[in-house]
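Let's see this in three dimensions:
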Amino acid sequence: MKECRFEVSKTNMGQIANDMIEGRCCALCGQYFIDLRRSKDLQKGEEYAFEHGIPVACDDCWEKDCGYEKQSSFAVIL
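Numbers count the residues shown, from 1 in each chain. Got it, this is the predicted structure:
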């Protein structure tokens, strides 16, 4: 798992597609994940993306036959 800092407001469509492939956001709805283990240590307004390394679905979108792994328990939706 790699850590990366990002600002959602500065992303573009190509970056969002890459983020879905890398598992930084849900492959179905596009909501970004943050790393729960790191977010408590940061100053307000800073977030660390959680990168799964593979396309994943968030808890709300995931179904048994959706074709994607479920998000990690350390990842929460931004």
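
As a check, name the ranges of all helices in the protein.
13-22, 36-39 (DSSP state H).

quick one: which of those is nearest A75?
helix 36-39 (7.1 Å; Cβ to Cβ). All C-beta spots, glycine's among them, are computed from the backbone N, C-alpha and C.

pLDDT averaged over that closest one - what is it?
Averaged across helix 36-39, pLDDT comes to 68.

how about stretch 50-61: buried residues?
F50, E51, H52, P55, V56, A57, C58, C61 (16 or more other Cβ atoms under 10 Å).

same deal with stretch 69-78?
For stretch 69-78, using 16+ other Cβ under 10 Å, the buried residues are K70, Q71, S72, A75, V76.

Among the residues you listed, which one lies nearest to D35?
A75 (6.7 Å).

Who are the contact partners of that closest one?
Contacts of A75 were listed using Cβ atoms under 8 Å, 6 or more residues apart in numbering, and they are F33, I34, D35, L36, F50, H52.

okay, the buried residues of stretch 50-61 in JSON lines with distance to N18 next?
Shown next, in JSON lines, are these (distance: Cβ to Cβ, whole Å):
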{"residue": "F50", "distance to N18": "15"}
{"residue": "E51", "distance to N18": "11"}
{"residue": "H52", "distance to N18": "13"}
{"residue": "P55", "distance to N18": "11"}
{"residue": "V56", "distance to N18": "14"}
{"residue": "A57", "distance to N18": "17"}
{"residue": "C58", "distance to N18": "18"}
{"residue": "C61", "distance to N18": "19"}
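
Max pairwise distance over those: which two?
E51 and C61 (17.9 Å).

Fine by me, we can end here.
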